[in-house]
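Novice: Sequence plus the predicted model coming up.
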Amino acid sequence: MHKTLHKRNTTLRKVTVDLVVIGRRIRHIRGTELTQKEFARILGVGQTQLSRYELGQSAPTLNILLRLKIYSQKNIDWILLGEKPEQHY
């Protein structure tokens, strides 16, 4: 049991949030068909805020992550980490 706990703690220490990479994934979700203004309206934010997300200058809120998940049908793990959930276990 101690080894499992140590492995989890080590894994947790390796997780980092890269806002630029998250921003690229948000841009990927938006695609080429929608402008920032149109996609921002869908997400319920302003175009400036969406731009900050896409440039990695601001972290998306939990509400925005949920809206991105619903809109794109992508997993939040993919949006944040670029991984499928089963890769964590």
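Specialist: Ah, there it is.
Novice: mind listing what's buried in stretch 28-38?
Specialist: Neighbour-count burial for stretch 28-38, counted by 16 or more other Cβ atoms under 10 Å, picks out 29-30, 36. The C-beta positions use only the backbone N, C-alpha and C, and glycine is treated the same way.
Novice: Would you agree Arg30 is in contact with Lys37?
Specialist: No: under the criterion of Cβ atoms under 8 Å, Arg30 is not in contact with Lys37, lying 10.9 Å apart.
Novice: shaky segments in this structure?
Specialist: 1-13, 85-89 (pLDDT under 70).
Novice: try 80 this time
Specialist: 1-16, 83-89 (pLDDT under 80).
Novice: what about stretch 46-66, start to end distance?
Specialist: 17 Å (Cα to Cα, to the nearest Å).
Novice: Adjust the sequence numbering to begin at 877 for everything that follows.
Specialist: Taking 877 as the first residue, the last one we looked at is stretch 922-942.
Novice: which parts of it are buried?
Specialist: 925-930, 934, 936, 940-941.
Novice: Show me which pair in those is furthest apart.
Specialist: Ser927 and Leu941 (17.2 Å; Cβ to Cβ).
Novice: Now for the closest residue to Arg901 other than its chain neighbours: which residues touch it?
Specialist: Spatial nearest neighbour of Arg901, excluding adjacent residues (Cβ to Cβ, 6 or more residues apart in numbering): Ile955 at 5.4 Å. For Ile955, the contact set (Cβ atoms under 8 Å, 6 or more residues apart in numbering) comprises 898, 901-902, 905, 936, 941, 944-945, 948.
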